[in-house]
Each structure stands twice: as structure tokens, then as C-alpha cells.
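In: how would this look folded up:
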Amino acid sequence: MEQDRGQETIVLALSFLITAGIAGGLLWMFRGSFTKPRDQAGTTPTPPVVSSTPGPDTSPAVVPPPVANPPSATTAVPTGTFNYGGSTTWAPIRGIVDPEITREYPQFKLRYVDPIGRTPGSGTGIQMLIDRQLSFAQSSRSVKDEEQARAQMRGFSLREVDIAIDGLVAVVNNDLPVQGITVDELGDIYLGKIRNWQELGGPNLPITPYSRRLEDGGTVEFFHEYVLGKRGFGSNVQYIYSTTPALREVSKNRGGIYYATAPEVVPQCTVKPLALGRRKGKYVKPYNAPLVPPNRCPAERNSINFAAFQSGEYPITRKLFVITRDENNLDRQAGDFYAEWLLSPRGQELVAKAGFVPLR
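Out: Below you'll find the model as predicted:
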């Protein structure tokens, strides 16, 4: 009996050892299958963070690492290629700002889109935005009530962010001996009420006013509303497609006059910027005096009178806007990011370099 009990004890001990060994092996196998692999430094690799919203090219938008000086803590850098368009006034800003943004954020690609069969401008850009042809638009005027109504019929509102101040400047032939006029007199020229420079203290010389057409952009729309009081252009106005040929005509025509955004015309050698005033004799120069004579240009150029524009002393100023659709999508994110970058210290520095008055 004692011998049988000893053998039984040995069998139970062996069974226990075998069972423990199997259990340990299984535990080791399962532990290995649930443990993350480690790199050579002994740390667990971190997978990239992927946004749940795909970019316009349908590829997943990888969230980049934080940058040293982000433009805003509220808007992430969107990934993709984004169409934008609108105001021709914005051309100097586009030429300076866009390459720098793309260089700093290569995942944020910009593509300027011209309208088909229509003249580029603020109005066409806003309409293309409403038609979802653009991610955001650039405008040299505020959104009109009728544009907001069209957008709301599509199920969204339009949102505008102002980023700079611009001034409208009238230019004349370099040989015209007139230094300044009032805003009302400028309006009367384009209404056809004043037709000879002699009425404004100049020589007996017919006035030839040049303008782009009303439907051509925000600059003309702004001029029509705030200088002409929404009254129609006079029959004496000659219409020109864009600023370059208009300046060419004024340089050849001693009685010519044209108006455009300050950065486009103040530094030009072939024409002379006129001082403007709200009252007779109280004229404000849109350039920093003294006026640079043509024989010293382009080695020297007239510079914009930023102080007068910023203080409101100069009588015809306006703001530039980034326009977006008020929707929670990647297009809105692209427009917000673009506007916030322009309002950053570096963005405002480049806005000034382009010839506009920064807001900050």
C-alpha cells in the first residue's frame, strides 16, 4: 500500500510539472503576439497621424509636425491643391506671398484660376466661389447683398476676412500742369460734367477719362459706388481692358486720366499721380513727396504714402478681403489658413512689400 501511494505521488508530481510547462509556454506565445515591436533604440515606433478628411486629390491628408512659428493655433495646415481667384488688385500680393507659403508648407498648394469667357475681377471670383469652382476668393470690395442672397440659395453664407488697406489713385499725363483735384471733381469728370482741364485750373485741353468696364472688377465697382454714387459713367469715358494699356494711353494723351489701385500706378514712370482732397485746396498726395520726375525714373520711383492711407487722411481707401464659403469642409479650412497666414507678422510684412497698408 505504501509503495502504491509513493508511485501515485510521483505520477501526480510529474503531471503537475508537465501542466505548468505547457501553461507557461502558451503564456509566453500569447504575450509575444500582443507586444508591439520595438526599434533598435528600444522604443515603440509611433505611427503617423492621418486626418479622416481626404484632400481634393482624394489622398489622405497627413497632419504635419508642429512648425516653429505657426500662423494660428486654430487652423491646421490643409493638404491638397486649392483653386482660388478673383481680384486683379491682388496680383502684387499673389506674386510675393504665394511662393513663400508654398515653400514653407509644401503640402498646401495654390492654383490661380481665371474665369472662362469673363474678365478676372472680384465679382467673377465671388461668383466662381458660389458656383464651387474655387476654394476661396480674393476681393477688393466687400460682398454685396445680392451675392450673399445667391450663396444662401445654395445653402451657405459667404464670409469675408479683411487683410489690408488699399487706396484708389487717379493718374494723368506727366506734362499736365494740374497737381490735385477734389473727389467730387474726379466724379464729375467720369460723369461727363467736367470735360476740360481749364475748369480745374489747367490748360484749355479736353479731358479723356479712361476706365475699365463696370463688370470688370472690384476696383471699378468700388469707384462706381463711392465716387460716382452709383450713377452711370458719362458718354465721354473710353473703356480699356486693363491697367497696362490704360497707362499707355494716358502717357500718350496729355488730357488723359485713369484710376487704379495705388501699387499699380504710384510707382509708374510714364504717368503722374494726382493729389486728391475732400475739399478744394486740401489735397493729400498718394505718394511720399517730393514727386520723382520722369527723367529720374526708374532709378528712383514714387513710393506710396502709407501713413495717409492708414490714418484715413487720403480720401479714397478700401480694404482687401479673403472670401470663403461658411461651410465645415477643407475649402473653408484652406481659405481660413490663407487669411490667417496673411495676418501673421510675416504675412503683413509681405503685404506691405507688395504696396498695400498692413492692418497689423
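
In: could you look up the SS state of residue 134?
Out: Put simply, residue 134 is coil when judged by DSSP: H, G, I helix; E, B strand; the rest coil.

In: make 301 the starting number, not 1.
Out: Shifting the count to begin at 301 puts that one at residue 434.

In: burial measure for it, as a count.
Out: 28 (other Cβ atoms under 10 Å). Any C-beta I mention is one placed from the backbone N, CA and C, and that applies to glycine too.

In: try residue 474
Out: Counted with other Cβ under 10 Å, residue 474 comes out at 18.

In: how about the one 3 residues further on?
Out: Using other Cβ under 10 Å, residue 477 has 10 other residues around it.

In: who touches the closest residue to it other than its chain neighbours in this structure?
Out: Excluding the flanking residues, the one nearest residue 477 by Cβ to Cβ, 6 or more residues apart in numbering is residue 502, at 6.1 Å. Residues touching residue 502, when contacts are defined by Cβ atoms under 8 Å, 6 or more residues apart in numbering, comprise 476, 477, 478.

In: what about the last one, distance to residue 596?
Out: From residue 478 across to residue 596, the span is 21 Å (Cβ to Cβ, to the nearest Å).

In: those two: who's more crowded?
Out: residue 478 (17 against 10).

In: now the more buried one, what's its secondary structure?
Out: Going by three-state DSSP: residue 478 is coil.

In: spatially nearest residue to it (excluding sequence neighbours)?
Out: That would be residue 502: by Cβ to Cβ, 6+ apart, it lies 4.3 Å from residue 478.

In: got the buried residues for the longest strand along the chain?
Out: In the chain, with assignment by DSSP state E, the single longest strand is strand 458-473. For strand 458-473, burial by neighbour count (16 or more other Cβ atoms under 10 Å) applies to 458-461, 463-473.

In: now do the contacts for residue 609.
Out: If you count contacts by Cβ under 8 Å, 6+ apart, then residue 609 has 465, 466, 467, 562, 586, 617, 657 around it.

In: what's the answer for residue 621, then?
Out: Counted by Cβ under 8 Å, 6+ apart, residue 621 has contacts 438, 439, 440, 441, 442, 443, 460, 461, 462, 463.

In: same thing but 6 Å
Out: 439, 460, 462 (Cβ atoms under 6 Å, 6 or more residues apart in numbering).

In: from residue 441, how far off is the second one?
Out: Look at residue 460 and residue 441: by Cβ to Cβ, they are 10 Å apart.

In: swap in the last one?
Out: Separation of residue 462 from residue 441 (Cβ to Cβ) stands at 11 Å.

In: give me the number of residues near residue 411?
Out: 12.

In: hang on, it in a helix?
Out: No. According to three-state DSSP, residue 411 belongs to no helix; its state is strand.

In: surely it is in contact with residue 385?
Out: No. Under the criterion of Cβ atoms under 6 Å, residue 411 is not in contact with residue 385, lying 9.1 Å apart.

In: so what are the domain limits for the chain?
Out: Domain segmentation of the chain under automatic domain parsing yields 380-465+619-658, 466-618.

In: can you give me the strands for the stretch 451-600 of the chain?
Out: Using DSSP state E, counting those that start in this stretch, the strands of the stretch 451-600 of the chain run over residues 458-473, 480-482, 508-511, 538-539, 556-561, 571-573, 575-579, 582-584.

In: of those, which approaches residue 376 most closely?
Out: strand 458-473 (17.0 Å; Cβ to Cβ).

In: what's that closest one packed up against?
Out: If contacts are counted by 3 or more Cβ pairs under 6 Å, 6 or more residues apart in numbering; DSSP states H and E, strand 458-473 sits against strand 556-561, helix 562-565, strand 571-573, strand 617-625.

In: nearest to residue 652, out of these?
Out: helix 562-565 (10.4 Å).

In: render the CA-only coordinates of that closest one in CSV, please.
Out: Taking C-alpha atoms only, helix 562-565 is exported to CSV below (Å, rounded to 0.1, in the frame of the first residue of the first chain):
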residue,chain,number,x,y,z
ALA,A,562,-2.2,102.5,-55.6
PRO,A,563,0.5,99.8,-56.1
GLU,A,564,-0.3,99.5,-59.8
VAL,A,565,0.1,103.2,-60.6
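
In: what helices or strands is it leaning on?
Out: Counting by 3+ Cβ pairs under 6 Å, 6+ apart, helix 562-565 packs on strand 458-473.

In: any residues touching the strand it packs on, and which ones?
Out: Contacts for strand 458-473 (Cβ under 6 Å, 6+ apart): 443, 448, 451, 486, 550, 554, 556-559, 561-562, 565-566, 571-574, 586, 609, 614, 616-624, 626, 639, 642-643, 651, 656-657.

In: contacts only, for residue 587.
Out: 566, 573, 602, 605.
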